[in-house]
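**Q** Pasting the sequence and the predicted model now:
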Amino acid sequence: MKIGIISDIHIDKSYKETDLVEDRLIEVVNDKALNILIIAGDISNDYELSLMTLDRIEIETECTCLFVPGNHDLWNKHHPDIIHTQWIYEKIYAHKSCLCDKPYELGNDYVIIGDTGWYDFSFGNNQYAYEDYLVGYYKERQWQDKKYINWNVSDVEKCKEIYGRLTKQIDRYKDKKIILVTHMILHPYFLVPLPNETWNYFNAFLGTANYKPLLKSPVQYVIMGHVHYRKNLEENNIKYLCRCLNYRKQWSEDNAKKQIEETLAVLEIETN
């Protein structure tokens, strides 16, 4: 079985009429004859566009598309009348491709478990107080979730809630090999390297160090996004993959297909 891994495709932010990211992604999926494509969040800034894109990938390929929503998918930027983010989350959750609280079994051996994850400032620098992180503002830069996300609970509470759901699912599948998918970063290796004055503050919003108890057997793979890096790590018999396509302006070359081919990781696993 061939499983493609990618995240942060940002089809709207990277829009170019003659070189649509979604068109090129479909081409690559077909070229590589993938059985499953996992997108670890941030398809677009509009949940409706994100869901339509998932549907199109499945229609125009022979591939099953699975995903977890990223923070951008959850924004109300294009739907300012939607006050509570939970409403958008539930619309995304209802989509057949969404992994949130819906483990996807691969034969008798593997299961894919996923959710957005969230941040609780545990990757932040302790020179800042908890109250400093609540504002999400540093030197005239605003963390955009503060404008477009409203969980109606604190970030710390949301992070704990999702941890609880993932823990229950992993416990239920202790007899299988687990592919764990989140949008947020779960390992400090994938943070923006320091020293970096800006990210010394904003690393706090990239994920959580408090999901570490999940990062052990039977988890075999951890798939993440969000940070706009393309990095892999193998540690304690777990393979970590962060395969972010990123914004077009961040690409080394303005060629969507080439960038997708460089970004996409392919897992080949045997299932019974």
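**A** Sure thing, it's come through.
**Q** Return the list of helices and strands in contact with whichever strand or helix holds Arg165.
**A** Counting by DSSP states H and E, the element that carries Arg165 is helix 155-172. Other helices and strands packing on helix 155-172, by 3 or more CB pairs under 8 Å, 6 or more residues apart in numbering; DSSP states H and E, are strand 110-114, strand 177-181. (Each C-beta comes from the backbone N, C-alpha and C, glycine too.)
**Q** Now the most centrally placed residue in the chain: closest residue in space, sequence neighbours ignored.
**A** Residue closest to the average C-alpha location in the chain (CA atoms, centre = their mean): His183, at 2.3 Å. By the measure of CB to CB, 6 or more residues apart in numbering, the closest residue to His183 outside its immediate chain neighbours is Gly41, 3.2 Å from it.
**Q** Distance check, the one you found against Tyr211.
**A** 15 Å (CB to CB, to the nearest Å).
**Q** The stretch 101-250 of the chain: strands as residue ranges?
**A** In order along the chain, the stretch 101-250 of the chain carries the following strands (DSSP state E, counting those that start in this stretch): 104-106, 110-114, 137-138, 141-142, 177-181, 219-224, 230-235, 238-243.
**Q** Save these as JSON lines, and put in distance to Glu22 too.
**A** Below are the strands of the stretch 101-250 of the chain laid out as JSON lines (distance: least, CB to CB, whole Å):
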{"stretch": "strand 104-106", "distance to Glu22": "22"}
{"stretch": "strand 110-114", "distance to Glu22": "21"}
{"stretch": "strand 137-138", "distance to Glu22": "33"}
{"stretch": "strand 141-142", "distance to Glu22": "29"}
{"stretch": "strand 177-181", "distance to Glu22": "20"}
{"stretch": "strand 219-224", "distance to Glu22": "20"}
{"stretch": "strand 230-235", "distance to Glu22": "19"}
{"stretch": "strand 238-243", "distance to Glu22": "17"}
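**Q** Would you state the helices of this structure in chain order?
**A** Along the chain, the segments classed as helices by DSSP state H run 21-31, 47-60, 85-93, 130-135, 145-148, 155-172, 199-202, 256-263.
**Q** Would you format those helices as JSON lines with mean pLDDT included?
**A** Rendered in JSON lines, the data for the helices of the chain read as follows (pLDDT from 0 to 100):
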{"stretch": "helix 21-31", "mean pLDDT": "98"}
{"stretch": "helix 47-60", "mean pLDDT": "97"}
{"stretch": "helix 85-93", "mean pLDDT": "98"}
{"stretch": "helix 130-135", "mean pLDDT": "96"}
{"stretch": "helix 145-148", "mean pLDDT": "98"}
{"stretch": "helix 155-172", "mean pLDDT": "98"}
{"stretch": "helix 199-202", "mean pLDDT": "97"}
{"stretch": "helix 256-263", "mean pLDDT": "98"}
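**Q** just to revisit the earlier point, quick one: pLDDT of the residue nearest to the centre of the chain?
**A** As predicted, His183 sits at a pLDDT of 98.
**Q** List the residues that contact it.
**A** Under the criterion of CB atoms under 8 Å, 6 or more residues apart in numbering, the contact list for His183 reads 7, 40-42, 68-71, 116-117, 224-226.
**Q** now swap in Gln86 and tell me
**A** By CB under 8 Å, 6+ apart, the contact set of Gln86 is Trp151, Asn152.
**Q** And it, how close does it get to Glu60?
**A** In terms of CB to CB, Gln86 sits 31 Å off from Glu60.
**Q** and if you look at Ser122?
**A** On the measure of CB to CB, Ser122 and Glu60 end up 40 Å apart.
**Q** likewise Tyr133?
**A** From Tyr133 over to Glu60 (counting by CB to CB), the distance is 42 Å.
**Q** how about stretch 114-130: buried residues?
**A** Taking 16 or more other CB atoms under 10 Å as the basis for neighbour counts, the residues of stretch 114-130 that come out buried are Gly114, Asp115, Thr116, Gly117, Trp118, Tyr119, Asp120, Phe121, Phe123, Gly124.
**Q** what's the closest of those residues to Leu191?
**A** Out of the buried residues of stretch 114-130, the one with the shortest distance to Leu191 is Phe123. That distance is 5.8 Å, counting by CB to CB.
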